[in-house]
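Student: Have a look at this fold, sequence not included:
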Ligand code: HSE
């Protein structure tokens, strides 16, 4: 069978993994795809990186390190010989131009670019729709976990109710280290960077932006909504204190940076923030740089997907799965394909996205209070007046020479704006020192 020709833009970690796995498993992949998938051209600003990749793979690729490597990525998207463009350079500037140009030239696209899809997905998918080409993006979310396939196809019978995921490995690694070693956030960040987990700009990881990009795409394919990245509530882990991780553990919870999206009667919740989860949940025990996504469908119940969320070969595995899909579907009638965002394009509904003040959650509160009669009574009265029910409470002994004690309260579910008001009133009590620490809590049970 005639091979399908692929142009690879970006030969860094993921590009390298894709090239290696595709070369190593060529035979097996061809048996699945029905025809060979051949990388025929590679682009990298630093051509030596791409040449090295070809040289390292030894004989058998048929590639010429002089003729088949370029530093001009546009020569790939404009090459009439290329059927599929794989974009692995990331970012929203050049990558966007390249993808739109590839689409315009009638080429199918495979990308791992979560930021680009979360911010400009509506434009990109509309362009692809018009041209009848596929834009595949399994590698954009949770690395090697086939979560797009699962949500978009495997769960097609279901009304998806909610999705909650550990979709950033860097922050999960940092939180795991903070818990296991009792270290502060800043001490662990450097290690994560050294291990190569963090994005080029660590702010994207630690401030929850990378997770928010992925969550936006998950919500789109889960609920059939267009991308609305500016409406995602984002709170990272950089201000999280290890004392809260410890107290949470004493109460039977783990703290994870979760991306959560829920369909409610009033609209869609779309939020990334540190979250307490009961330690008995499987997802609470996902440690290190691993990812996991819980998806609740009305028919299937809760389903959990676990695996490597980053790395050369795991992410390459997702890129190649897309290449196989595209190869099989390339010549098919575009109307018979799985829609980009799971729902037919004219069936996407712009459900309202709820402001964070409108979401419903349980809460963990930590306050520093003078250890004297009546203080707890004042605090519980404030919560009671706002119909916020207390689930558990713990008071720590003041340290030697200190007059203030840490009080930790877990509440039942309430609407966030009630909690905002209650916290403001608690902070105004003369016996309360400083700010109240608030972390949202999700049972993730039903
Ligand atoms: N920086 C990401 C993470 C990996 O830490 O999960 C790629 O999405």
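Tutor: Looks like it arrived, so ask away. Treat the numbers as computed from the prediction; the structure is a model and nothing was measured.
Student: and the stretch 251-400 of the chain, which residues reach the ligand?
Tutor: 309-310 (C-beta under 6 Å from any ligand atom). Using the backbone N, CA and C atoms, a C-beta is placed for each residue, glycine as well.
Student: Contacts made by the helix or strand bottoming out on mean pLDDT in the chain with the rest, please.
Tutor: Every helix and strand of the chain was ranked by mean pLDDT, DSSP states H and E. The lowest is helix 185-194, at a mean of 85. With contacts defined as C-beta atoms under 8 Å, 6 or more residues apart in numbering, helix 185-194 is touched by 170, 173-174, 177-178, 181, 198, 202, 205-206, 237-242.
Student: how about 6 Å then?
Tutor: Helix 185-194 is contacted from outside by 170, 173-174, 177-178, 198, using C-beta atoms under 6 Å, 6 or more residues apart in numbering.
Student: After that helix, which helix or strand is next?
Tutor: helix 202-206 (DSSP states H and E).
Student: quick one on the thing from earlier: for the least confident helix or strand of the chain, what is the distance to the chain centroid?
Tutor: Its chain's C-alpha centre and that of helix 185-194 lie 20 Å apart, by C-alpha atoms, centre = their mean, to the nearest Å.
Student: wait, does that helix contact the ligand?
Tutor: No: judged by C-beta under 6 Å from any ligand atom, helix 185-194 and the ligand are separated, with a smallest distance of 8.1 Å.
Student: Next, the residue sitting furthest away from the middle of the chain: secondary structure please.
Tutor: Within the chain, the residue lying farthest from the chain centre (C-alpha atoms, centre = their mean) is residue 373, at 46.0 Å. Secondary structure state of residue 373, per DSSP: H, G, I helix; E, B strand; the rest coil, is coil.
Student: in the stretch 51-200 of the chain, which spans are helices?
Tutor: Using DSSP state H, counting those that start in this stretch, the helices of the stretch 51-200 of the chain run over residues 74-77, 94-104, 114-131, 147-149, 169-181, 185-194.
Student: Repeat that for the stretch 201-350 of the chain.
Tutor: 202-206, 209-223, 242-250, 312-329.
Student: Could you find the residue in the stretch 251-400 of the chain that comes nearest to the ligand?
Tutor: residue 310 (3.6 Å; C-beta to the nearest ligand atom).
Student: And residue 230, how close does it get to the ligand?
Tutor: 21 Å (C-beta to the nearest ligand atom, to the nearest Å).
Student: Compare the helices of the stretch 201-350 of the chain and give me the one nearest residue 156.
Tutor: Nearest to residue 156, of all the helices of the stretch 201-350 of the chain, is helix 209-223, at 10.6 Å by C-beta to C-beta.
Student: touching the ligand at all, that closest one?
Tutor: Yes: using C-beta under 6 Å from any ligand atom, helix 209-223 reaches the ligand at residue 210.
Student: what's that helix in contact with?
Tutor: 114-115, 117-118, 141, 151-152, 160, 163, 167-168, 199, 204, 227, 229, 232, 234, 259, 261, 263, 270, 272, 341-342.
Student: which ones are touching the nearest residue to residue 101 once chain neighbours are set aside?
Tutor: In this structure, residue 101 finds its nearest non-sequential neighbour in residue 77, 4.7 Å apart by C-beta to C-beta, 6 or more residues apart in numbering. Going by C-beta under 6 Å, 6+ apart, residue 77 touches 85, 98, 101-102.
Student: Which of these has the largest number of neighbours?
Tutor: residue 102 (31 neighbours; other C-beta atoms under 10 Å).
Student: roughly how far apart are that residue and residue 218?
Tutor: 24 Å (C-beta to C-beta, to the nearest Å).
Student: again, but for residue 433
Tutor: Taken as C-beta to C-beta, the span from residue 433 to residue 218 is 40 Å.
Student: Just want to know which of the two has more residues nearby.
Tutor: residue 218 (27 against 13).
Student: What's the separation between the closest residue to residue 259 other than its chain neighbours and residue 39?
Tutor: Closest residue to residue 259 apart from its sequence neighbours, by C-beta to C-beta, 6+ apart: residue 215 at 3.4 Å. From residue 215 across to residue 39, the span is 31 Å (C-beta to C-beta).
Student: just residue 169 next, same as before
Tutor: 26 Å.
Student: Residue 257 now?
Tutor: Taking C-beta to C-beta, one finds residue 257 at 35 Å from residue 39.
Student: Could you do residue 223 as well?
Tutor: Residue 223 is 35 Å from residue 39, by C-beta to C-beta.
Student: near the ligand, which residues of the stretch 101-250 of the chain?
Tutor: 168-170, 197, 199, 205, 210.
Student: Sort these by pLDDT and name the bottom one.
Tutor: Here the lowest pLDDT out of those sits on residue 199, with 64.
Student: excluding its backbone neighbours, what's nearest residue 228?
Tutor: residue 353 (5.7 Å).
Student: what's the neighbour count on that neighbour?
Tutor: Neighbours of residue 353 (other C-beta under 10 Å): 20.
Student: quick revisit: so the residue of the stretch 251-400 of the chain closest to the ligand sits against residue 169, correct?
Tutor: Yes: counting by C-beta atoms under 6 Å, residue 169 is a contact partner of residue 310 at 4.9 Å.
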